[in-house]
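>>> Give me a 3D structure for the following:
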Amino acid sequence: MALEPARLQVMPKPWGSTDLLPWNRADHDGAAIGEIWFQRRDPHAPEPVLLLKLLFTRETLSIQVHPDDDAARAMGLPRGKTEAWYVLSAEPGARVGVGLQSALTEAQLRAAIADGSIAEQIGWRKAAKGDVIFVPAGTIHAIGPGLVLAEIQQRSDTTFRLFDHGRDRELHIESGVAAAHAGPAAEQVPPQRLSNARTLLLASPFFALERFELAPGSLWDLRAGPETWLIVIAGEGRLGPLRIGIGEGCFMQAEIMRIAAGQAGLTCLVAYDATMPSSDLLRPLAANDAIALPGTAARRRPLLAATAGAPISFAEARP
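Numbering: from 1, shown residues only. Below you'll find the predicted structure:
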């Protein structure tokens, strides 16, 4: 059983930001911070299978790709890296790139990397607050400037940079080309409202991601079975004994935790190690906040983010 506040690990990046408000108020001595990793409180605790991050972009990130599980294990690594982004804020014109505009052969991909035209081949799309973007392993992708993202991913730091906009950093063209699915991204299933407090943002073979929107003063029980990460994105409240506000988070596993929303309500992202949403994840403790799952939602299997219509039971968790 575990319930602990997350330990924040700050990661300077050349494309990062010096203004992290309201997501982080620590003094970073003017350093450009690109990522904040949410870690377990004890550095010696068993390593989780998921990693929650905040990303802050003032420049365009490299065009990159991550290996899938099979490719990663062939390299002696424990797992690949599938990820998802939730847009917390976006400046006008901010965009992300997921997949390519059209399929390329290996030779065409290498040529596009060599002459830099891959930057125009990316499937760029506008990004807006509240967007959810699924990035399966093998998908060529990039993130533009002016964004704050919450990212949930398989716990892996294996990234193959294909193009870095002239920055003097190592590229990984051979490994990246081998890992890449050089074509358009698969169609993404839209978020699904599970109740008036829960929205399933996506379910994938590696994690489920939800948004909780809890009314001011409401009380709830969060029943975390598998590894679960939570981050507050609006409002404030109490999570068990912890008072928590915007940008703060916690780790839970095999734990029932009381949530008390503050006077402004409480909005959280919750990611957990399961392939489908748990019907028993969140329970109201006040009659006026009763949110029994609608019958249609309980009977209908939510579609996977990557492979729609897969026959997986409603609350199945990965072993």
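>>> Which strands and helices lie in contact with the longest helix that the chain contains?
Ranked by number of residues, the top helix in the chain under DSSP state H is helix 106-115. Here helix 106-115 touches helix 118-121, helix 173-179, going by 3 or more C-beta pairs under 8 Å, 6 or more residues apart in numbering; DSSP states H and E. From N, CA and C alone the C-beta is placed, and that goes for glycine too.
>>> With distance to R238 added, can I get those in JSON lines?
Formatted as JSON lines, the helices and strands packed on helix 106-115 follow (distance: least, C-beta to C-beta, whole Å):
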{"stretch": "helix 118-121", "distance to R238": "46"}
{"stretch": "helix 173-179", "distance to R238": "43"}
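>>> chain center to the longest helix of the chain, what's the gap?
Relative to the centre of its chain, helix 106-115 is centred 29 Å away, using C-alpha atoms, centre = their mean, to the nearest Å.
>>> Could you report the neighbour count for the spatially closest residue to L200 that is not a sequence neighbour?
Ranked by C-beta to C-beta, 6 or more residues apart in numbering and with sequence neighbours excluded, the top spatial neighbour of L200 is Q192, at 4.6 Å. Q192 has 17 neighbours, counted by other C-beta atoms under 10 Å.
>>> hmm, back to that, go through the longest helix of the chain and flag the buried ones.
Using 16 or more other C-beta atoms under 10 Å as the test for burial, helix 106-115 gives 108-110, 112-113.
>>> In terms of pLDDT, where does the closest residue in space to K126 that isn't next to it in sequence sit?
Spatially, and ignoring its direct neighbours in sequence, K126 is nearest to R95 (5.4 Å; C-beta to C-beta, 6+ apart). On the pLDDT scale, R95 is placed at 98.
>>> which residues touch R95?
Contact analysis of R95 by C-beta atoms under 8 Å, 6 or more residues apart in numbering lists 124-127, 144.
>>> of these, closest to G235?
Using C-beta to C-beta, A127 is the member of the contacts of R95 that lies nearest G235, at 23.0 Å.
>>> does that closest one really touch G93, like I thought?
No. Using C-beta atoms under 8 Å, A127 is not in contact with G93, being 9.3 Å away.
>>> Can you get me a residue count around the nearest residue in space to H172 that is not next to it in sequence?
The spatially closest residue to H172, leaving aside those adjacent along the chain, is F160, at 3.9 Å (C-beta to C-beta, 6+ apart). By other C-beta under 10 Å, 21 other residues sit near F160.
>>> Any idea what F160 is bridged to?
V65 (DSSP bridges).
>>> thinking again about what came up before, then the longest helix of the chain to CSV, C-alphas only?
Extracted in CSV, the C-alpha atoms of helix 106-115 (Å, rounded to 0.1, in the frame of the first residue of the first chain):
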residue,chain,number,x,y,z
GLU,A,106,13.1,4.3,-45.6
ALA,A,107,15.2,6.0,-48.3
GLN,A,108,12.7,8.9,-48.5
LEU,A,109,12.8,9.3,-44.7
ARG,A,110,16.6,9.3,-44.7
ALA,A,111,16.6,12.0,-47.4
ALA,A,112,14.1,14.2,-45.6
ILE,A,113,16.3,14.0,-42.4
ALA,A,114,19.4,14.8,-44.4
ASP,A,115,18.0,17.9,-46.1
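>>> which ones are touching the residue nearest to H172?
64-67, 172-173, 175-176, 179-180.
>>> just the buried residues of helix 106-115 now: which is nearest A26?
Of all the buried residues of helix 106-115, I113 has the smallest distance to A26: 37.4 Å, by C-beta to C-beta.
>>> H172 is in contact with the closest one, correct?
No. The criterion here is C-beta under 8 Å, and I113 misses it with H172 at 10.7 Å.
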